[in-house]
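Visitor: sharing a model prediction with you, sequence too.
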Amino acid sequence: MNSYKEKLKAIVGEGNYFEEYEDLLCYSYDATYLTGETPAIVLFPTTTGQVSDIMKIAYDQEIPVIPRGAGTCIAGNYMPVDNRTIIIELKRMNKIVEIDRENLTATVEAGVITLEFAQAVERLGLFYPPDPASQKNSTIGGNVALNAGGPRGAKYGNTLAYVLGLEVVLADGRILKTGSKCLKQSSGYNLTKLFVGSEGTLGIVTRVILKLLPKPEAKKTMLAIFNKLDEAAQAVSGIIAGGIIPATLELMDNKTIALIDQFKPTGFPPDAEAVLIIEVDGPAAVIDDELNQIIEICRENSVRAARTAQNAQEAEEIWEARRASYGVFTRAARSALTEDITVPRNRFPEMMRRIREIADKYRVDVVCVAHAGDGNTHPSILADLDDEDQKERVEKAMEETALAGIELGGCLSGEHGIGVVKKNWMIHEHGAVGLAVMQSIKQALDPKNILNPGKLWTFEA
Amino acid sequence: MKELESYKDRAFKCTRCGFCQYHCPVYTVTGLEPLVARGRLEMVKAGFDGRMAGFSEHLMKRMNQCLLCGNCAQNCPPAVETDKIVEACRIAGIKENGVPAQLMTIQKNISEEGNITGERRGHRMLWLKDAKAAAEEVKVNKPGEYAYFTGCLSASSPSVNSIPQSFVRILKTADVDFTLLGEDENCCGYPLAVGGLTGDALKIAGENIRMVQKLGIKKVVTSCSSCYHMWKEYYPKLFEGETGLEIVHSTQLLAGLAAEGKLKFREEHRPVTVTYHDPCNIGRKYGIFDQPRDIIKSIPGVTLKEMRFIREDARCCGGGGNLEINDPALSGLVAQDRIKQAMETGAEVIVTACQQCTRTLRTGARLSGAKIKVTDICELVSEALISEWE
């Protein structure tokens, strides 16, 4: 065995070191439809010091390193592109170090599971809003690396809005501490923000200081059913333009509703072109008024029916249907390729139209759900990628949809990141100057290009 | 991987979403991708697409570290039945690599002495001699309404002997017509069947079925959830049809007796808060959720506080799928995690309805130093029961 492998094993210990081929195969993918290279080693460090020691060796030997959490990302963000890769799996650094009630902050290790953290906080009457669909599995470290969002993003923003400080191991093994528990920080470059959404290409986040909120007093959930997709999209724009920010404002299109009806009937009318799931939260005295205004705007946009859940169980039934969407996509097709285009909120109706037109043009089967309240669309192409002709049409449709979003003033990703899937389109969003600046930062922090290489951009661009 | 051809399409339905992680007790305690459905399916896929050849020893190790609890399959968005695929791998793995050492011991014990521990067959009924109910009043190998199939662990493991002792006392008190099967009773075959030794399981199942049929008995009752699963699902499958037998779990019989007013409990029973652990092999697999809870709630002074993961979502105790045999340390970690969930309720007692769960959870409580008592529902009922069988 190579001596550097012996050194790595000594750092993490026998039970945290894996190099059997069968095990390594299980780290050749993330939740994306692509399969990457099989890495060389998987390590489970348990302290920041161990991560630092690993990086010193990797830096010295110039070996690619990918930090990894639950591997639930869907843009090929953590898929190895090099078979020499060392995977640093942070799942065993999973302590909630502190929940500071006086400052409304928490300090957690990178491997803490998002939902477990949110529940721990909630038990104390506090609130951590980011709620990615993978929250039962995803880790806080992964959420930071991809700036994960979720339905509540409409009102509460992505993970970035909650990150106050970080502990990061740099490419050469140095340990960087950024930020603090302070809510206001105007002290030099904001290095915290730099690392959020950097997809493990600039450093390995090992510890995070997060901002918490008081738990909203009350919430109400409603379902609005529309005959026309366009009317639903216009209602979304109307609500935002009316100055109302619901906690969530989710849209599901007809194909999604029909598929759910086929596999897991939930009572959503399969002939409706779209439904909106709207949740308002805040002081009990205020949310009824907000809800009434929203219903009024829905009526102005020819809503077929608007129903408010009368209790927690009815609300849960509505959310149950929304959560079923991914499952029914995977039952209906071999692959569901999901995009994450986000547009300014007033362009949302236009984006929804474009998605439909592009799908028709390339004869691909597109289903669409959206975090409509923040302009974040998730069109998914249901496809069989073994069919070469179909694969080509799918790829063209994906690219054209992405570029349409940029044309409308949007961005390639609202919450999933770029990974390998969208990297070729980055130039269209950021331009040559934008990419050059990003690459200078990369060069400064990771001169040997060992941290999660092959992601975010193409160097030739 | 040719043997798995019929599972190929199912394995490739996995979209790698990773949602199985949350539901997998083994992944929860290890964080190790090769130990979760997504990872295991990737190894199977690799066998089909040429990245891997055959059933290597390491692949089989990973397949043998599965609890077969079925929690992943139940929650899988594209509904991949990974538990079924893992079972198929175990069968195929044995054909290719032979029987793994730990399973070979079990195979030998069952073939020689009819039980998993290798204790002499003649010792199988010793538990009855210690029973409170007078042993001579209990029928052995005689016709009756029910045959009580005690199972290996209950019969031979002193730590759970009190389960059949309690159940016999309850049955006698409620005047149920039943017989035991005596020293001829064999292991139900569960460890063989889930270990991949289908042929051996078939042989032992045949002996058990014939023993009951010879007595003209139509109903088999068991207090073990694994035995229940074998008799209920595997036996008819092995025999490619109906065995003509009705299979009843102790909780079903007890709930019926309670409803008929045949179980009278002492009112002065000490107040106690309990939580209930659903065994996978009666809960998730057959929907027996309400009967044990109804029984628990019918006992005066007993308050039921539920855990975070219950009914279909209940996490396995750590004893499923031969894990205790294949990797005792891992089984212990899973058991400790379940104990932790039970401790969160503040209960003093975990009640369950399976000898394997009882045993694994007792190990878990011991390993984690948790101050919580683990008891089988038969023991709980018997303790509160007004009975002349003292």
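Guide: Now that the structure is in, tell me what you want to look at. Numbering: from 1, shown residues only, chains lettered A, B, ... in the order given.
Visitor: pretty sure A:Thr330 sits in a helix.
Guide: Yes: A:Thr330 sits within a helix when classified using DSSP: H, G, I helix; E, B strand; the rest coil.
Visitor: ok, now how distant is the residue lying closest to it once chain neighbours are set aside from A:Pro269?
Guide: Nearest residue to A:Thr330, sequence neighbours excluded (Cβ to Cβ, 6 or more residues apart in numbering or on different chains): B:Pro78, at 3.8 Å. (C-beta placed from N, C-alpha, C; glycine too.) Distance, B:Pro78 to A:Pro269, using Cβ to Cβ, to the nearest Å: 25 Å.
Visitor: and these two? Which one has more around it.
Guide: Higher neighbour count among B:Pro78 and A:Pro269: B:Pro78, with 21 against 14, using other Cβ atoms under 10 Å in any protein chain shown.
Visitor: how close does the more buried one get to A:Thr192?
Guide: Going from B:Pro78 to A:Thr192 by Cβ to Cβ gives 38 Å.
Visitor: could you look up the SS state of A:Val168?
Guide: strand.
Visitor: what about it, neighbour count?
Guide: Count around A:Val168 with other Cβ under 10 Å applied: 26.
Visitor: settle this for me: it is touching A:Val205, isn't it.
Guide: Yes: the criterion here is Cβ atoms under 8 Å, and A:Val168 meets it with A:Val205 at 5.4 Å.
Visitor: give me the common contacts of those two.
Guide: Both A:Val168 and A:Val205 are contacted by A:Phe195, under the criterion Cβ atoms under 8 Å, 6 or more residues apart in numbering or on different chains.
Visitor: how about the nearest residue to the most centrally placed residue in chain B, chain neighbours excluded?
Guide: The geometric centre of chain B, computed from its C-alpha atoms, lies nearest to B:Ser226 (Cα atoms, centre = their mean), at 3.1 Å. Spatial nearest neighbour of B:Ser226, chain neighbours left out: B:Tyr190 (4.3 Å); criterion: Cβ to Cβ, 6+ apart.
Visitor: from the contact counts, what lies against the helix or strand encompassing B:Thr251?
Guide: Element membership of B:Thr251 [criterion: DSSP states H and E] is helix B:250-259. Judged by 3 or more Cβ pairs under 8 Å, 6 or more residues apart in numbering or on different chains; DSSP states H and E, the packing partners of helix B:250-259 are helix B:162-173, strand B:219-222, helix B:290-298, helix B:377-384.
Visitor: related to what we said a few turns ago, got a pLDDT number for the residue nearest to B:Ser226?
Guide: With respect to pLDDT, B:Tyr190 has a value of 96.
Visitor: same deal with A:Gly13?
Guide: 98.
Visitor: the one 3 residues further on too?
Guide: At A:Asn16 the predicted local confidence, pLDDT, stands at 98.
Visitor: state the number of residues packed around the residue nearest to it when sequence neighbours are not counted.
Guide: Nearest in space to A:Asn16, with sequence neighbours left out and distances taken as Cβ to Cβ, 6+ apart, is A:Phe44 at 3.9 Å. Applying other Cβ under 10 Å, we find 22 residues neighbouring A:Phe44.
Visitor: likewise for the one 4 residues further on?
Guide: The burial metric for A:Thr48, expressed as a neighbour count using other Cβ under 10 Å, is 18.
Visitor: who are the contact partners of it?
Guide: A:Met93, A:Glu167, A:Val169, A:Ile175, A:Thr206, A:Arg207.
Visitor: now it: phi and psi?
Guide: Main-chain torsions, A:Thr48, degrees, to the nearest 10: phi -60, psi -40.
Visitor: report pLDDT for it.
Guide: So A:Thr48 comes in at 98 (pLDDT).
Visitor: pLDDT weak spots in the chain?
Guide: You didn't pick a chain, so chain A it is. By pLDDT under 70, the weakly predicted segments of chain A are A:1-2, A:458-461.
Visitor: hm, I was asking about chain B
Guide: B:132-135, B:241, B:269, B:390.
Visitor: right, and the helices and strands packed on helix B:250-259 - which one's nearest B:Cys17?
Guide: Closest to B:Cys17 of the helices and strands packed on helix B:250-259 is helix B:290-298 (Cβ to Cβ; 31.9 Å).
Visitor: give the other helices and strands that that closest one contacts.
Guide: With contacts taken as 3+ Cβ pairs under 8 Å, 6+ apart, helix B:290-298 sits against helix B:250-259, strand B:272-276, strand B:302-304, helix B:377-384.
Visitor: now tell me what touches it from outside.
Guide: B:249, B:251-252, B:254-255, B:258-259, B:263, B:265, B:274, B:276, B:278, B:302, B:304, B:351, B:353, B:377, B:380-381.
Visitor: list buried residues within these.
Guide: Among the contacts of helix B:290-298, those buried by neighbour count (16 or more other Cβ atoms under 10 Å in any protein chain shown) are B:249, B:251-252, B:254-255, B:258, B:263, B:265, B:274, B:276, B:278, B:302, B:304, B:351, B:353, B:377, B:380-381.
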